[in-house]
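Asker: Got a predicted model here, sequence first, then my questions.
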Amino acid sequence: MSLLTIGKGETIAVISDDGGWLKMFSVRGKDILVAGFEYAKEGKIKKRGGVPILFPNAGQEIKTDLLNLSQHGFARDMVWEIAKQTEDKLVLKLTDSLDTFTLYPFNFQTELTFIVSENSINIGLNVLNVGRNDMPLAPGFHPYFKLMKENREKLVFKQHSFVFDGTTTYKSSESPINFKLPKIGEISLSYSDNLKNVSYWAELSGNYICIEPWVGPEGAILDKSVMINLKPQENVKFNMDIKVLL
């Protein structure tokens, strides 16, 4: 595993090639996200914090005759290839393998790009279908914005309210979503038009709020009216931008 740092001025991002995981994002010395960490629960290793990438599905596990996908897919558990790194940009790649084919029997090439600008970071996921069959997709992004439990009542949304009860709230939210994090500042979260669902979630014990742009709600990869059906040799791009409004 490698931790890779990119930055622009006082805006810094740290990404792990293990999972293509943005583990830290800070602006002017302030952490915007909860730093990525792992812990064991019920015999499984859980990942929290940062921005995990959810591919090929976001949400619940999917078990069918064709698909054997865990919650939020497998990409966050795979080691990505480092394709390119500059001072303010990192490109990672993940392609199908014998391991992925047993879970998701499709041939694909993905490219995950992180670009840091002053006070912001853009994350782009490009997916190419290199197989001969149509490929269902319903990915998403999973940012954990830093919010201490004692400051929850100070969270200010311009679009919605949110109740911290441990459940997931699904909204069809127009981009961008602007909100104010106590002791951090105002955040603008924008995302591509093909991410039509936003999932709001926080564990009762967690010092964070997750605001997650997904293609669709739970199980979307099985819903032909919602999921993206990628034709052979076609590609699709998904983007998310986190900007601190100073």
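Answerer: Looks like it came in fine.
Asker: Tell me where the chain is predicted with low confidence.
Answerer: When residues are selected by pLDDT under 70, none of them lie in the chain.
Asker: Let me know the outermost residue of it.
Answerer: Centroid-distance maximum for the chain: residue 132 at 27.6 Å, with Cα atoms, centre = their mean.
Asker: Please name the nearest non-neighbouring residue to it.
Answerer: residue 232 (5.5 Å; Cβ to Cβ, 6 or more residues apart in numbering). Any C-beta I mention is one placed from the backbone N, CA and C, and that applies to glycine too.
Asker: so the one you found makes contact with residue 108?
Answerer: No - using Cβ atoms under 8 Å, residue 232 is not in contact with residue 108; the gap is 10.8 Å.
Asker: Name the residues contacting each of these two.
Answerer: Residues touching both residue 232 and residue 108 (Cβ atoms under 8 Å, 6 or more residues apart in numbering): 129-131.
Asker: Looking at these, which are in strands?
Answerer: residue 129 (DSSP state E).
Asker: Of the shared contacts of residue 232 and residue 108 - the most surrounded one?
Answerer: Neighbour count (other Cβ atoms under 10 Å) singles out residue 129 as the most crowded of the shared contacts of residue 232 and residue 108, with 21 neighbours.
Asker: who's in contact with it?
Answerer: 106-108, 135, 230-235.
Asker: Only whichever of those residues are buried, select them in PyMOL.
Answerer: Entered in PyMOL, the line below selects the buried ones among the contacts of residue 129, by 16 or more other Cβ atoms under 10 Å:
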select buried, resi 106+107+108+135+230
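Asker: Distance to residue 117 and secondary structure for the contacts of residue 129 - can I get that in CSV?
Answerer: CSV is the format used below for these (distance: Cβ to Cβ, whole Å; DSSP: H, G, I helix; E, B strand; the rest coil):
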residue, distance to residue 117, secondary structure
106, 34, coil
107, 34, coil
108, 29, strand
135, 32, strand
230, 29, strand
231, 33, coil
232, 35, coil
233, 32, coil
234, 29, coil
235, 24, strand
